[in-house]
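**Student:** Output the structure for:
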Amino acid sequence: MSWKEKLQHKYALSEQGANDMIKAFLTATVSNIVLMFPVGLLYFLVEDYLNDNLSGRGVFYLVGSILCLVLIAVTTYIQYNCTFLATYVESGVRRITLAEKLRKIPLSFFGKKDLSDLTSTIMADCATIETASSHYIPELFGACVSTAMIAVSLFFFDWRMALAALWVLPVSFLIVLSARKFLRYLSRKQMKLKMVCTDGIQECLETVRDLWANDAQENYMAGLEKKIKAVEKHAVAAELGNAVFVSGAQMILKLGIATVALVGGILLSKGSIDLLTFFMFLLLVSRLYDPMQISLQNLAAIISVDVQCERLDEILSHSVQSGSTEMKYDGYDIAFSHVGFSYDSKESVLKDVTFTAKQGEVTALIGPSGGGKTTVSRLASRFWDIDKGTITVGGMDISKIDPETLMSLYSIVFQDVTLFNNTIMENIRIGRSDATDEEVIAAAKLAHCDEFADKLPEGWHTMIGENGSELSGGERQRISIARAFLKDAPIIFLDEATASLDVDNETLIQEALSRLIQDKTVMIIAHRMRTVSDADKIVVLKDGVVAEEGAPEELTAKDGVYRHMAKTQLQAAGWKL
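**Tutor:** Numbers count the residues shown, from 1 in each chain. All right, here's what the predicted structure looks like:
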């Protein structure tokens with residue numbers, strides 16, 4: 001792996017970002033060296049003064065001073081562009097890259113991550129690395145390289161004075177580097193506490209209605225306050241731990257001035273060095289140690305940033321779902337053949353599932369909770385990749401097809417509807433982005449969205465709030481169904497699509513769905529037996545296997561799971577207080 005590739009991997013950089021960081025290293029080095037030019041000019045000025053050679057050299061020092069100022073200004077400007085401006089551009093690229101990567105990562109990854117955790121990675125972690133890339137890393141590199149070059153040159157003047165000036169540098173850096181594990185531990189623990197706190201705040205906002213309804217807000221806020229206090233307490237401890245090592249190293253660095261003065265004074269008294277050399281070393285160390293003190297702080301900050309880099313790298317290095325963008329299929333039958341799957345590689349959700357959902361038929365998936373119904377629909381959509389067996393659509397192995405390409409064949413209505421803080425019209429248009437207003441409204445009317453849209457202040461252009469907060473559960477579900485009507489894909493998945501509807505609206509929606517599903521492959525997930533009573537085929541899933549399958553009347557005649565579920569629901573329907 002090349003140096004540039006290591007930078008890309010370490011700090012989540014694009015190729016251009018890595019190139020820009022290398023430029024930042026070089027310009028920071030040149031800028032630090034240029035800042036030493038006035039010291040050299042002052043050295044020659046003092047030398048001429050001591051030797052009484054100043055006459056006629058005033059113009060030289062005037063021009064030299066102007067040139068030093070110009071060089072400092074130019075190199076600072078170039079360094080600013082190569083460091084700060086380039087970093088801000090790269091920060092935008094990094095966030096877009098993360099978003100693009102998240103599009104292709106299997107949904108199993110999101111099952112292991114909280115929303116607040118991912119949001120923190122994209123926003124807070126990226127911002128932290130942005131600061132590191134613009135302030136810490138280039139400055140540390142530039143200071144170290146320029147100091148090393150100056151250190152070598154000092155030995156040509158006097159090796160004894162050079163040692164007196166430079167011995168503190170490796171000692172100071174070793175102090176900070178020796179604390180690497182401890183600083184990473186503090187940073188990792190701080191991140192963990194922040195995530196716990198962020199989760200608590202997000203949960204509070206999402207469940208505030210339930211907290212009030214159960215008079216539990218006081219107890220919850222007390223627990224949340226403990227989480228906030230834990231973050232505050234550890235932040236103080238982390239800053240203290242950082243300060244102990246950094247401040248200790250900076251104190252050692254300051255000893256260099258004392259050793260230069262002490263050694264220089266001894267050598268000067270013995271006549272081993274002249275006054276000018278002594279003066280030059282005192283002048284150099286005063287300029288040399290200032291950037292190195294900042295470098296020690298930068299080094300500690302870079303060590304702490306490793307945690308954010310690891311979190312970003314976890315996303316960017318994660319395997320993606322890929323496949324061909326060309327599909328070759330014969331019809332739209334969905335066939336499961338000996339499919340096995342587990343979410344966490346421990347407990348199998350599906351063990352050995354085999355069945356076929358045929359085109360032109362409605363296949364209903366039923367069974368006890370946890371039997372694998374929703375998992376089957378998600379696997380058929382390639383939201384996850386199976387552990388064993390095959391799933392085909394029209395004879396085409398879906399594991400070899402790009403997930404986004406595959407999704408063009410599907411219309412899905414989930415039980416948990418996701419809406420956006422936009423108008424009714426635009427929320428439905430998500431089903432097909434190029435649809436005209438007339439097509440959107442036609443699909444909406446099929447889902448009976450006009451019944452509530454016409455009553456709203458701005459009609460179809462009414463903003464519905466975050467996740468449709470201005471609408472009822474049934475209204476939100478109808479918008480989701482309207483999306484499916486608009487997309488009009490050859491394969492339809494309905495996951496408890498009418499669960500949030502009352503009986504009258506459920507009947508209307510089912511009539512509309514009956515028009516939508518003609519000549520298509522339809523899979524329905526439902527718990528209510530009357531929802532699937534007209535299905536062509538029922539697949540009963542229990543304990544990760546197909547317990548029964550067949551037409552409703554066939555399964556009713558058997559004394560199996562389906563008959564038991566139907567009987568139980570019938571008894572429950574007649575239950576009264």
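
**Student:** Skip ahead from the one helix or strand V260 maps to and say which helix or strand is next.
**Tutor:** Using DSSP states H and E, V260 falls within helix 217-270. Next helix or strand after helix 217-270 toward the C-terminus (DSSP H and E): helix 275-316.

**Student:** quick one, that following helix and helix 217-270 angle?
**Tutor:** Helix 275-316 and helix 217-270 are oriented at 150 degrees to each other (axes from the mean of the first three to the mean of the last three C-alpha atoms, to 10 degrees).

**Student:** Domain map for this structure?
**Tutor:** Using automatic domain parsing, the domain parsing of the chain gives 3-316, 334-573.

**Student:** got JSON lines for the ones you listed, with distance to T325 too?
**Tutor:** Every residue, glycine included, has its C-beta placed from N, CA and C. As requested, these are exported to JSON lines (distance: least, C-beta to C-beta, whole Å):
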{"stretch": "domain 3-316", "distance to T325": "13"}
{"stretch": "domain 334-573", "distance to T325": "5"}
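
**Student:** where does this structure dip in pLDDT?
**Tutor:** Residue ranges of the chain with pLDDT under 70: 1, 111, 344-346, 497-506, 508-509, 512, 569-577.

**Student:** the strands in it, which residues?
**Tutor:** Listed in chain order, the strands of the chain (DSSP state E) span 334-342, 348-357, 362-366, 388-393, 396-397, 410-413, 491-495, 521-525, 537-542, 545-550.

**Student:** Which of those strands sits closest to A443?
**Tutor:** Set against A443 and scored by C-beta to C-beta, the strands of the chain come closest in strand 410-413, at 10.8 Å.

**Student:** partner strands of the closest one, parallel or antiparallel?
**Tutor:** The strands beside strand 410-413 in its sheet (DSSP bridges) come out as strand 491-495 (parallel).

**Student:** quick one: the partner strand to chain centroid distance?
**Tutor:** Centre-to-centre, strand 491-495 and its host chain are 30 Å apart (C-alpha atoms, centre = their mean, to the nearest Å).

**Student:** Next, the angle strand 521-525 makes with that strand.
**Tutor:** Interaxial angle of strand 491-495 relative to strand 521-525 (the same axes, to 10 degrees): 10 degrees.

**Student:** List of residues touching strand 491-495?
**Tutor:** Residues external to strand 491-495 that are found in contact with it (C-beta atoms under 8 Å, 6 or more residues apart in numbering): 332, 334, 374, 377, 380-381, 393, 409-415, 484, 513, 516-517, 520-526.

**Student:** Also stretch 549-566?
**Tutor:** By C-beta under 8 Å, 6+ apart, the residues outside stretch 549-566 that reach it are 355, 366-368, 529, 532-540, 542, 547-548.

**Student:** Ok, stretch 90-108 next?
**Tutor:** Under C-beta under 8 Å, 6+ apart, the answer for stretch 90-108 is 12-14, 16-17, 20, 118, 121-122, 126-127, 129-130, 133, 312, 315-316, 318-322, 343, 378, 383-385, 403-404.

**Student:** Just the ones in helices from those residues, please.
**Tutor:** Counted as lying in helices by DSSP state H, out of the contacts of stretch 90-108, are 16-17, 20, 118, 126-127, 129-130, 312, 315-316, 378, 403-404.

**Student:** residues in contact with L7?
**Tutor:** Neighbouring residues of L7 by C-beta under 8 Å, 6+ apart: L13, A18, M21, I22.

**Student:** Quick one, which of the contacts of stretch 549-566 are buried?
**Tutor:** 355, 366-368, 529, 532, 535, 537-540, 542, 547-548 (16 or more other C-beta atoms under 10 Å).

**Student:** Include distance to D290 when you put those into JSON lines, please.
**Tutor:** JSON lines is the format used below for those (distance: C-beta to C-beta, whole Å):
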{"residue": "F355", "distance to D290": "74"}
{"residue": "I366", "distance to D290": "74"}
{"residue": "G367", "distance to D290": "72"}
{"residue": "P368", "distance to D290": "71"}
{"residue": "M529", "distance to D290": "79"}
{"residue": "V532", "distance to D290": "77"}
{"residue": "A535", "distance to D290": "78"}
{"residue": "K537", "distance to D290": "79"}
{"residue": "I538", "distance to D290": "78"}
{"residue": "V539", "distance to D290": "74"}
{"residue": "V540", "distance to D290": "76"}
{"residue": "K542", "distance to D290": "73"}
{"residue": "A547", "distance to D290": "76"}
{"residue": "E548", "distance to D290": "80"}
